[in-house]
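Undergrad: sequence first, then the predicted structure:
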Amino acid sequence: MYNPDMLLEAIKLAAENVRTGHGGPFGCVVVHDGVIIGRGFNEVTSSNDPTAHAEVQAIREACSVLGTYQLTECEIYTSCEPCPMCLGAIYWARPQAVYYYNTRHEAADIGFDDQFIYDQLEVPIEERKIPFQHTVTEVPEENQPFRLWSISSKRVEY
C-alpha cells in the first residue's frame, strides 16, 4: 500500500546524492512490512559501475537483508521512473508494487535520456547500434551450461 513518507525518503536520498556530488539525482528504498530494508542511490560515476543505479543498489541490499533473491512481499519507492535496466531488475525481484516521483521524460529533460535503449529493443538484433552476434563454437558436452542446468539436482527455479 502506498506510503508517501517512503517516497519522500527515496527523494531525500536522491537530493542528498546531488548535494554530495556522489552521483546522479536518483534514490530508492525497498519497504517490507512498512520498514525500509534497502536503500540505494546512484553511484555510477563514483564507483565507475554503470549498473550502480539506485534501484539496483536498493534491491541488492533488500535481498541481502531478507536472505532471498525475490522481494514478493515488498514495495519499491524510487525518485524516478526506472530505466530499462532497473525495470528488468525490478521484474526479476518481483515486488508487489513500484511507486516513483519523476518520469523518464523529466529525466530526459535534464540529460538522463534512456529512450535510445527502449528504441534499441525494437530494432532487429543485427541492426542494433552495438553489434550483437550469435556465435557457434564446439563445446564439450560436460561444459554446456544449459544442458547441465536442465539435469541439475541443485537448480533453484526462479
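TA: Structure's in. What do you need?
Undergrad: tell me which element H22 is part of?
TA: Assigned by DSSP states H and E, H22 belongs to no helix or strand.
Undergrad: where's the nearest residue to it once chain neighbours are set aside relative to N17, distance?
TA: Once flanking residues are discounted, H22 sits nearest to S46: 5.1 Å by C-beta to C-beta, 6 or more residues apart in numbering. C-beta here means a position set from N, CA and C on the backbone, and glycine is covered the same way. In this structure, S46 lies at 9 Å from N17, with C-beta to C-beta, to the nearest Å as the measure.
Undergrad: which residues do those two both contact?
TA: G23 (C-beta atoms under 8 Å, 6 or more residues apart in numbering).
Undergrad: so which of the two has more stuff around it?
TA: N17 (22 against 15; other C-beta atoms under 10 Å).
Undergrad: rewinding a little: any idea which element the residue nearest to H22 lies in?
TA: helix 44-47.
Undergrad: let me know the average pLDDT across that helix.
TA: The pLDDT scores in helix 44-47 average 96.
Undergrad: kind regards, and thank you for your time.
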